[in-house]
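Novice: sequence and predicted model, in that order:
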Amino acid sequence: NECKPCESGKYAPVPLADNCLTCYAGFYTNNVTSASSCTACSAGEFSVNVSTECEACTAGKYQSASGQTSCETCVSGSYSKSSGSTTCLTCGVGYDSYAGSSACDLADVNYFISTTNLTETCPKNAQCVGAYQSPVPFEGYWVDRTSYEYMAYIHACPRSTCT
């Protein structure tokens with residue numbers, strides 16, 4: 001009788017055993033000739049089936065524990081910019097993000113994105129709902145919409161001429 005090595009993704013807990021066992025999801029082995037156990041995927045990684053390697057969580061997702069079968073999605077207001085993340089980072093003041101984002105590129109409520117792609121505080125006498133929305137003047141005020149650079153300048157209407 002000749003011993004056969006276990007194929008990748010399987011292991012033999014007892015040397016020279018006839019049966020090779022499959023690694024559970026979240027674990028892997030790539031040692032073809034002498035695998036006696038499976039290794040847990042590291043935090044920031046996962047595996048789903050018979051695995052010879054773990055996959056890194058993609059940007060916008062994370063996994064904080066080892067031995068997992070999937071990654072978690074970053075919630076809105078947070079992000080992970082690179083693959084293999086173990087946590088999500090919180091967006092800075094004035095910024096927001098959609099769930100699963102790799103960056104905070106939206107304005108938060110009471111802020112707007114300026115012409116320099118930075119967030120600015122909503123101008124007085126206007127409402128800012130966040131995301132990519134421009135400031136909306138309150139009743140009795142107006143804004144010059146001929147150029148985006150004027151969005152931050154809210155003007156009072158002379159003699160009730162605004163509707």
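Specialist: Now that the structure is in, tell me what you want to look at. Numbering: from 1, shown residues only.

Novice: quick check, central residue of this structure?
Specialist: residue 60 (1.7 Å; CA atoms, centre = their mean).

Novice: for residue 46, see how far away that one is.
Specialist: Distance, residue 60 to residue 46, by CB to CB, to the nearest Å: 14 Å. In this view, the C-beta of every residue, glycine as well, is placed from N, C-alpha and C.

Novice: and what of residue 115?
Specialist: Look at residue 115 and residue 46: by CB to CB, they are 41 Å apart.

Novice: who's more crowded, those two?
Specialist: residue 46 (24 against 12; other CB atoms under 10 Å).

Novice: isn't that one right up against residue 26?
Specialist: Yes: under the criterion of CB atoms under 8 Å, residue 46 makes contact with residue 26 at 6.6 Å.

Novice: list the residues that contact both of the two?
Specialist: Common neighbours of residue 46 and residue 26 (criterion: CB atoms under 8 Å, 6 or more residues apart in numbering): 68-69.

Novice: residue ranges in the chain under the pLDDT threshold?
Specialist: Residues of the chain meeting the criterion pLDDT under 70: 1-3, 15-18, 31-34, 163.

Novice: break down it into its helices, ranges please.
Specialist: With helices called from DSSP state H, the chain shows none.

Novice: if I read this right, residue 59 contacts residue 84, doesn't it?
Specialist: No: contact criterion CB under 8 Å: residue 59 and residue 84 do not qualify, at 9.3 Å.

Novice: what's the burial count for residue 110?
Specialist: Considering only other CB under 10 Å, residue 110 is surrounded by 13 other residues.

Novice: name all residues that make contact with it.
Specialist: 121-122, 128, 130.

Novice: now a ChimeraX select for only the buried ones of those residues.
Specialist: Here is the ChimeraX command that picks out the buried ones among those, judged by 16 or more other CB atoms under 10 Å:
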select :122,128,130
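
Novice: no further queries at this time; thank you.
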